[in-house]
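# only geometry, no sequence info:
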């Protein structure tokens, strides 16, 4: 909601000539984000707030590609889609991996990483920003690979707060209790999920399935 819907609308209000590229695991989800951002920009309340600094182009209809009268542009694509011909002053990726079967596949992880390298990274305009928001499915998922390189600012928000929480929660506090995701709800989820998936999806701490301390016990 914040990264893929509200932020693009805010960014285009501040940068009416900006080029925004939004990607997700499927064309349908990316287009849904695009439609929500477009409708937000067209809303009366938005125009009141931003004093018509940015307005939709009169011929804008599509969710996947629309423009502003000021020369800005929003493009929504799915993972694997070609982006050649489009540049981005901001490029955001929202959950490039859909399900655990994809995350467990070395072939699929390689595919997503190659797509990022060849289609996403090369679409940056000078001074562009790249944002990745995702559930952590695997220690070698896209986030895991990108974090091997310096320069990324990491915001990790575990469902149950740990020490040195970025939101200054006390250890054990839930992330979003106002929406019903309180500690009791999260504890029920944790009882159902294998610990590996709980740590990865909810605490953002992926680990190898076989563990990462001792892989072999010698016998004598």
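Nice, thanks for sending it over. All figures in this text were calculated on a predicted structure; none of them were measured in a lab.

# in this protein, which spans are strands?
19-24, 65-67, 73-78, 88-94, 124-133 (DSSP state E).

# for those strands, which one ends up most surrounded?
The highest mean neighbour count among the strands of the chain, using mean count of other Cβ atoms under 10 Å, belongs to strand 19-24: a mean of 25. All C-beta atoms are positioned from the backbone trio N, CA, C, and that covers glycine.

# Point out the other helices and strands that it packs with.
helix 7-14, helix 27-42, strand 73-78, strand 88-94 (3 or more Cβ pairs under 8 Å, 6 or more residues apart in numbering; DSSP states H and E).

# Show residues contacting it.
For strand 19-24, contacts defined as Cβ atoms under 8 Å, 6 or more residues apart in numbering pick out 4, 8, 11-12, 30, 33-34, 37, 72-79, 81, 83, 86-96, 120, 123, 125.

# do the same with stretch 86-94
Against stretch 86-94 from outside (Cβ under 8 Å, 6+ apart): 3-4, 7-8, 11, 15, 18-24, 29-30, 33, 73, 75, 116, 120, 123-125, 127-134, 142.

# How far off centre is it?
Chain-centre distance of stretch 86-94: 11 Å, with Cα atoms, centre = their mean, to the nearest Å.

# Kindly report the same for stretch 146-155.
Using Cα atoms, centre = their mean, the offset of stretch 146-155 from its chain centre is 14 Å.

# now that stretch: mean pLDDT?
Taken as a whole, stretch 146-155 has a mean pLDDT of 92.

# What of stretch 15-22?
pLDDT averaged over stretch 15-22 gives 94.

# Just the endpoints, please. Distance across that stretch?
Start-to-end span of stretch 15-22 (Cα to Cα, to the nearest Å) is 16 Å.

# quick one, helices of the protein?
Per DSSP state H, the chain carries helices over the ranges 7-14, 27-42, 44-50, 100-104, 106-115, 142-146, 183-192, 195-197.

# how about those in JSON lines, adding distance to residue 208?
Shown next, in JSON lines, are the helices of the chain (distance: least, Cβ to Cβ, whole Å):
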{"stretch": "helix 7-14", "distance to residue 208": "33"}
{"stretch": "helix 27-42", "distance to residue 208": "29"}
{"stretch": "helix 44-50", "distance to residue 208": "46"}
{"stretch": "helix 100-104", "distance to residue 208": "11"}
{"stretch": "helix 106-115", "distance to residue 208": "13"}
{"stretch": "helix 142-146", "distance to residue 208": "11"}
{"stretch": "helix 183-192", "distance to residue 208": "20"}
{"stretch": "helix 195-197", "distance to residue 208": "9"}
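
# out of those helices, nearest to residue 204?
helix 142-146 (8.8 Å; Cβ to Cβ).

# for the closest one, packing partners?
helix 106-115, strand 124-133.

# who wins for proximity to residue 57 among the helices of the chain?
Closest among the helices of the chain, using Cβ to Cβ: helix 27-42, at 10.4 Å.
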